[in-house]
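Engineer: return atomic coordinates for the entry below.
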Amino acid sequence: MHVSIDELRQFCVAAFTAVGVPIEPARVAADALVTADATGVFTHGTKLLAGYLRKLQGGGYRATAAPTIEREGPAWAVVDGQSGLGQAGGEFAVRAAMRKAAQTGIAYVGLRNTGHIGAAGYYAALAAREGFICMVTGNDMPSVAAPGSRGAVLGSNPLAYAIPVTGGEPILLDIATAAVAGGKVYAAHTRGEPIPPTWLIGPDGLPTTNGSLYPAKASLAPMAGHKGYGLGLWCEILSAVLPGGHATWQVGSWIFDAPDRPSWHNASFTAIDVNAVAPRAEFDQRLARLIDEIHAAPTADGVDGVLLPGEREAQNLRRASDEGIALPADVVEKLRAAAAIAGAAPTWLASND
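Structural biologist: Numbering: from 1, shown residues only. Here you go, the predicted model:
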C-alpha cells in the first residue's frame, strides 16, 4: 500500500489526539514514527502506533504528560518524562541538550521514566541538522543474552549518532546493540521467513533458528558477541544508571504488559556544538575530505560504491517524498488496528492499493 508522508502523518496525529494527546506532542510522535517509515525502518515506524494508543487509553502512558527538568547544571540535566510518549520526552530532552551545548560546548541530558522512544536516530538527526554532533542511547527490558548466558541480561539497547553535513543529510548511525532488533524477529516470523542462526540464543545458551521461541524462551544474540554486550552495557549506564531511571528487569514492556502499567524507559542525549570546538568551515572541509575518501574506496564486484551510515535511509526518504511510502502488509495491518482504536480510518487505509 502506498501513502504519502503527509497523509500518514495526519492520520497519526488524528489517532493520538483521539485518545487525548495534545496537538504538539501528537505532532512530534507522529513525525518520529512516519520518518522511520519514510526512511525504510518499518520496525520503528507506524506499526508501533496501535501499541502506543492502547497504553495511552489504559493510562500506562499519560496522554497529557509534560516532560520536566528535575535537576540540572550548566552542561547537564535529568528530565522526568512523566510516563508520557517517549517521542515527546526524547524531543524535549535532545533540545535541552542542544541549548546547554550551545552555551558550554558539550552537554549530557538523561531522560528517565518515559515511554518507548522509538528510533533513537530520529533525535540524533534532529540535533545534527542544527549543527550538533549527537549521541543517543536508550535502554529496554532485557531481551539480549550476554556471551555465555542462558537467558537475557540486557535490553536491545539502541545506540545512535549523527554528524552534521553542510548541504546534505547527516551521517547517521542507528543500531540495536543486539544482533538484530526484536521487531525484526517478530516481523520475519509473522511473514514466515527463516530466522538466521545469528539472531537468537535458545534456552540452552546455544543459537536457534526457531523464531517462535522469542521472547518467552529465547533471547536475542548480542551484536558482535562481547563487543555488542559491552556497548549495550554502556547504553544501560548512560540511559538509566546515571540519571536514576529503571534498569534491566525494572523496565516494563510496552507491548506485553497491561495497558495501565508504565514501561519506565530511559534514554540519554549527548550533544557537541561543532562551532564551539572547531571553526565550522574548517570542520566542514575536513569532513568533506573524509567523505570523499570513503566514497572513492575501491569496491567489490557488483557494488556501486561505499555508503556512509544513513545514506541508504536518506535515499529512501527522497523516494518516499516523491512517490509516497510503500507500506509492508504487516504495517498496514497494525495501522488498521490503530484506526479501530482511534475510531476513524482514512480512505487510503480502507483501500487495497
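Engineer: show me where this protein dips below the pLDDT cut-off.
Structural biologist: Along the chain, the model assigns pLDDT under 70 to residues 351-353.
Engineer: centre-most residue in it?
Structural biologist: Closest to where the C-alpha atoms of the chain average out (C-alpha atoms, centre = their mean) is residue 119, at 1.4 Å.
Engineer: ok, and the closest non-adjacent residue to that residue?
Structural biologist: Of all residues not flanking residue 119 in the chain, residue 44 sits nearest, at 4.1 Å (C-beta to C-beta, 6 or more residues apart in numbering). (Glycine included, C-beta is placed from N, CA and C.)
Engineer: cool, and residue 134?
Structural biologist: Among residues not flanking residue 134 along the chain, residue 127 sits closest, at 3.7 Å (C-beta to C-beta, 6+ apart).
Engineer: got the contact list for the host helix or strand of that neighbour?
Structural biologist: In the assignment (DSSP states H and E), residue 127 maps to helix 120-128. By C-beta atoms under 8 Å, 6 or more residues apart in numbering, the surrounding residues in contact with helix 120-128 are 32, 35-36, 87, 90-91, 93-94, 97-98, 117, 133-138, 158-165, 169-174, 267, 269, 271, 310.
Engineer: if we go to 6 Å?
Structural biologist: With C-beta atoms under 6 Å, 6 or more residues apart in numbering as the test, helix 120-128 has contacts from 32, 35, 90, 94, 98, 134, 136, 138, 158, 160-162, 164, 170, 172, 174, 271.
Engineer: and it, what's buried?
Structural biologist: Going by neighbour count (16 or more other C-beta atoms under 10 Å), the buried part of helix 120-128 is 120, 121, 122, 123, 124, 125, 126, 127, 128.
Engineer: related to what we said a few turns ago, how close does the residue nearest to residue 134 get to residue 293?
Structural biologist: Distance, residue 127 to residue 293, using C-beta to C-beta, to the nearest Å: 25 Å.
Engineer: returning to that earlier point: where's the residue nearest to residue 134 relative to residue 107, distance?
Structural biologist: Taken as C-beta to C-beta, the span from residue 127 to residue 107 is 11 Å.
Engineer: what is in contact with the two at once?
Structural biologist: With C-beta under 6 Å, 6+ apart as the test, residue 127 and residue 107 both reach residue 271.
Engineer: now do whichever helix or strand comes after the helix holding residue 127: distance to the chain's middle.
Structural biologist: Next along the chain after helix 120-128, taking DSSP H and E as the criterion, comes strand 132-138. Taking C-alpha atoms, centre = their mean, to the nearest Å, one finds the center of strand 132-138 at 11 Å from the center of the full chain.
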